[in-house]
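Engineer: pasting a predicted model and its sequence here:
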Amino acid sequence: MLYREVGQYHASYRTDTAIFPIRQDRVGMLVILAVAFIIVPVFGNSFLLDVVAIPFLIYALATIGLNLLTGYTGLLSLGTGGLMGIGAYTCYKLATWFPGVDIIVWILAGGVTAAAIGALFGVPSLRIKGFYLLVATLAAQFFLQWAFERVPWLYNNNVSGDIEVPTRTLLGLPVTGPNATPATRYEVTLCIVVVLTVLASHLVHSRVGRSWMAVRDMDIAAELIGIPLLPTKLLSFAVSSYISGVAGAMLVFLWYGSAEASVFSIDLSFTILFMTIIGGLGSLLGSFLGAALIHMLPIALRNVLPGIGLDLRPATVEHLNLMIVGALIIFFLVVEPLGLARLWQTIKQKLRVWPFPY
Amino acid sequence: MTNAAAGETLLAVEEICLRFGGVQALSEVSFDIKRGEIRAIIGPNGAGKTSMLNVINGFYRPNRGVIRFRGQSFTRMRPGFAARNGIARTFQNVALFRGMTTLDNLMTGRTLKMKRGFFWQLLRYGPAMDEEIEHRRAVEEIIDFLEIEAIRRVPVGRLPYGLQKRVELGRALATEPELLLLDEPMTGMNLEEKEDMCRFILEVNAQFGMTIALIEHDMGVVMDLSNRVVVLDYGRKIADDAPAVVKQDPAVIAAYLGVAG
Amino acid sequence: MDLLYLIFVDPFVQMGQAPDLLVQTLWDGLVSGVLYALIALGFVLIYKASGVFNFAQGIMVVFAALTLVGLYAAGIPALPALALTVVIMLALAVAIERLVLRPLLNRPDIVLFMATFGLTYFLIGFGQLLFGGETKQMITRQLHLPQGAIDLHILDGLVTLQKIDIAAAVIASVMVASLAFVFQYTRIGRALRAVADSHRAALSVGISLNQIWVIVWFAAGVVALATGIMWGARSEVSFALEVVALKALPVLILGGFTSIPGAIVGGLIIGLSEKLFELYWGPLIGGGTEAWFAYVVALIVLLFRPHGLFGEVIIERI
């Protein structure tokens, strides 16, 4: 009964093309943002922030990055892990060279190199498609990971071979490094994720996003209508890689605190791809839902199973988690190929007519 | 019958040859399309009609021959160039963007006309938003014209075939083309849908003065709609004249009925 | 100048100075090439018969090997364990057909492809849940596979050939020959090729898709088991092999997705070239190049031949 759009008319195309045309959606969005910005950091303990909230947001951002490429433009990639690494290492180098500049600038700048390298590996996408393109992205993934391990310059010749995040402050408040409180890091993460999500949402609702989807659905027709294929695909690679790069920089600077090359392995690429598929290809909301499900599942397994009397070894929980994720992928592809986002749409549709479905 | 038929030549193909491996799809085909007319291309299955359209808008590269468009000569067209210079088309097997709504499909037709760059699109504010709304208005006019208001927000993959064909015509119209190429716009339609489609084609031609080249199998439709007909058989042109004349041509009758010799 | 010398001259000087090392490297490359080729063969089998690009093939290799070793560790003698593993691979094929392929019939290829990602993760979790995640030794001796090495004193040096590698090469050849025979000359082979061309057309002439798919996935499972045994005998059995198994992808790019000889040639090219590159050029850039060399080769090939070395060019129609 609460979810009705009756009586909400759009008298201009301006209100009709708004991203949330229904009032209840706008209110709901504001409530979620208020909870996220105020309630969570005030009442959340460090477990909630450090183990649940911060990684969830970072994974969601990375998933949005991949979703722009795979879900919106239809180009499959397993290079996300490598590109996230590029973001992290770029940010690290820049923060080392210019310690005076605000760290957030460098986190955002980390994506630029990733965008350039992502676009470079996207060049073959004009001529090759599908599985073939996947191999090109695997080349990027393995080459980059190798470079992270073998080029000491990237990690400032540290003995450990790790990136170690220095303490940096914003307005006198430590944002990164061991002295930054979880709440601060959470707020910074949230701000970046919200801003980039809004920008991404603008893009997919605009000419750019429509061109991407046109290329995805029928590339030949898109070309004959005047959408240039290579620039469109390269732009998708660049934007997607930019977001992945920023997410990678955040992963190290706002969550891990230090990281070695193996963090950015093919497994990370797979994790992000699974979040994209389960959340829903071609949906920004789905990116959040998919990231939430895949990230929370092992946490839930670890904490819930002992509660119901099943005391399993950590390794067993890990294996169980892999099985469930694998089965979920197949389940969603069979039952609901558009993922959690589509389920949410269906629920909303039902709500709209509830309690009188006929 | 429409009014035009006597304008200057908009597009001409001269001695076009196209080969796929050992198969000669088109051999030395020449004809012209005059500004403002409705030009039909007919012929039995496999005569090379679709290949001809593919050559005209640059999807296939001819092995030999010249394409003249607005007085300029090309040995081949390029898809992007054709699109930018006002050649639009629809496809035999509907090539819509299936995952997108009717509205979004039509909006893609406006891509070339939208000038605001990437960073404006990121902001989606001010001039970028004004531009979006301006083109939305143009698209809404086409939606109104084609009577597809009700399916505005439906993903086109879920629409029945006849409506998909109509949306595809809408997407081509959204580019505001000078030359519209229609590849079998009426296959798989029932009588009512065919009548609607005929009406749209005639109105597009009469109201906006758009030049149309169409491939069609339904002879009745071709006779009613077109000003001139070119007939292809096994990649060769066997007739080119007004519909009434072509209908009587012995070569055409032989091609369709398969007279020996 | 020095750099050019190091890249273009020095490696060949080294090859000339130590020909036994060169031969040893060639042999090692050949053997790992055979193993890549065997994984690629499983891909090709399934792709030819069902049009599905089975990303999980590499994992099926590990899963099969793990099952065999796990059963033996559970107290079942080696040969019955081998037989039981074959039965389990059959059960896996049936399960995959029922739970994955059949519900996804007539869906886009890319969806089936992504479903095999899910299958990959499921098998990794399932295999480890059943048999534990720790690294295991292949039961080479118990399976009566040849062990030890042959030392050849040639070219003023020593070249060591592991007997198990020779056995791998022989088994691979026999398997490839018999598969090629089945595909080309038997009724099932003809049905397989028909299914690969068009599911619907095959159905319309009375071929049972479900049966064909079970047969093919079972055959791929047996190939995976053979590969797993050979591979396990050379190193050890664990899911770390996953990364190595992915190398079947560049092999397929070179060899084409539909050609059995292509898979073999592609495997050998990749195996040989990455070993040579690592030994002679790798040190120039820090070593460890085997991680990416195969992919970069595939990428370069793709830039010039978008459908692979042996793949067919498809004329696009609209």
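Structural biologist: Ah, there it is.

Engineer: pretty sure A:Tyr256 is touching A:Val263, no?
Structural biologist: Yes - with contact defined as CB atoms under 8 Å, A:Tyr256 counts as touching A:Val263 (7.1 Å). C-beta: built from backbone N, CA, C; applies to glycine.

Engineer: more crowded one of these two?
Structural biologist: A:Val263 (21 against 18; other CB atoms under 10 Å in any protein chain shown).

Engineer: C:Val296 - how many residues pack around it?
Structural biologist: 18.

Engineer: for chain C, what spans make up the helices?
Structural biologist: Using DSSP state H, the helices of chain C run over C:2-8, C:10-17, C:19-50, C:57-73, C:78-96, C:109-131, C:163-185, C:187-197, C:199-204, C:209-234, C:241-245, C:248-255, C:260-280, C:293-304.

Engineer: distance of the spatially most central residue of chain C from chain A?
Structural biologist: Nearest to the geometric centre of chain C sits C:Ile39, at 1.1 Å (CA atoms, centre = their mean). C:Ile39 sits at a distance of 14 Å from chain A (criterion: CB to the nearest CB, to the nearest Å).

Engineer: now that residue, nearest residue through space, not along the chain?
Structural biologist: Once flanking residues are discounted, C:Ile39 sits nearest to C:Ala248: 4.0 Å by CB to CB, 6 or more residues apart in numbering or on different chains.

Engineer: isn't that neighbour up against C:Gly33?
Structural biologist: No - judged on CB under 8 Å, C:Ala248 makes no contact with C:Gly33 at a distance of 11.4 Å.

Engineer: relative to the helix or strand containing B:Val66, what are the paired strands and their orientations?
Structural biologist: Using DSSP states H and E, B:Val66 falls within strand B:64-69. Applying DSSP bridges, strand B:64-69 is found paired with strand B:9-20 (antiparallel), strand B:72-74 (antiparallel).

Engineer: tell me which of the ones you listed is the most buried.
Structural biologist: Scoring these by mean neighbour count under mean count of other CB atoms under 10 Å in any protein chain shown gives strand B:9-20 as the most buried, with a mean of 18.

Engineer: pLDDT (mean, whole number) over that one?
Structural biologist: Across strand B:9-20, the average pLDDT comes to 90.

Engineer: what's the following helix or strand after it?
Structural biologist: Downstream of strand B:9-20, the next assigned helix or strand under DSSP H and E is strand B:23-34.

Engineer: which neighbours in the sheet does the helix or strand just after that next one have, and how are they oriented?
Structural biologist: Scanning forward in sequence from strand B:23-34 by DSSP H and E, the next helix or strand is strand B:38-42. In the sheet, strand B:38-42 lines up against strand B:211-215 (parallel), strand B:228-233 (parallel) (DSSP bridges).

Engineer: got the angle between the next helix or strand after the longest one and strand B:23-34?
Structural biologist: What it means is strand B:228-233. Sequence order places strand B:236-241 as the next helix or strand after strand B:228-233, per DSSP H and E. Angle between the axes of strand B:236-241 and strand B:23-34 is 20 degrees (criterion: axes from the mean of the first three to the mean of the last three CA atoms, to 10 degrees).

Engineer: name the residues that touch the helix or strand following strand B:236-241?
Structural biologist: Using DSSP H and E, the helix or strand that follows strand B:236-241 towards the C-terminus is helix B:243-248. If you take CB atoms under 8 Å, 6 or more residues apart in numbering or on different chains as the criterion, helix B:243-248 is touched by B:40, B:219, B:222-223, B:226, B:228-229, B:231, B:239-240, B:252.

Engineer: next, give me the two most distant ones among those residues.
Structural biologist: Based on CB to CB, the longest span within the contacts of helix B:243-248 runs between B:Met219 and B:Asp240 and measures 16.5 Å.

Engineer: okay, the two: which has more neighbours?
Structural biologist: Between B:Met219 and B:Asp240, counted using other CB under 10 Å, the more crowded position is B:Asp240 (19 against 15).

Engineer: which of the strands paired with strand B:64-69 sits closest to A:Val42?
Structural biologist: Nearest of the strands paired with strand B:64-69 (CB to CB): strand B:72-74, 67.8 Å.

Engineer: name the residues that touch the closest one?
Structural biologist: With CB under 8 Å, 6+ apart as the test, strand B:72-74 has contacts from B:66-68.

Engineer: and for stretch B:10-28?
Structural biologist: Taking CB under 8 Å, 6+ apart as the rule, stretch B:10-28 contacts B:29-35, B:48, B:51-52, B:55-56, B:60, B:62-70, B:178-179, B:211, B:232, B:235-237, C:315.

Engineer: repeat that for stretch C:246-255.
Structural biologist: With contact meaning CB under 8 Å, 6+ apart, stretch C:246-255 is reached by A:131-132, A:134-135, A:138, A:266, C:36-37, C:39-40, C:42-44, C:57-58, C:261-267, C:269-270, C:294-295, C:297-298, C:301-302, C:308-310.

Engineer: point out where the stretch 151-300 of chain C drops to low pLDDT.
Structural biologist: The model of the stretch 151-300 of chain C has pLDDT under 70 over residues C:155-156.

Engineer: now do the residue of the stretch 51-200 of chain B found nearest chain A against C:Leu35, distance only.
Structural biologist: When scored by CB to the nearest CB, the stretch 51-200 of chain B has B:Ala83 as its residue closest to chain A, at 3.2 Å. Using CB to CB, to the nearest Å, B:Ala83 is found at 50 Å from C:Leu35.

Engineer: what's B:Arg70 sitting at in phi/psi?
Structural biologist: With angles defined as degrees, to the nearest 10, B:Arg70 sits at phi 50, psi 40.

Engineer: what's the closest non-adjacent residue to it?
Structural biologist: B:Leu10 (6.8 Å).

Engineer: quick one on the thing from earlier: can I get the strands paired with strand B:38-42 in CSV with mean pLDDT and distance to C:Thr85?
Structural biologist: Shown next, in CSV, are these (pLDDT from 0 to 100; distance: least, CB to CB, whole Å):
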stretch, mean pLDDT, distance to C:Thr85
strand B:211-215, 93, 59
strand B:228-233, 91, 62
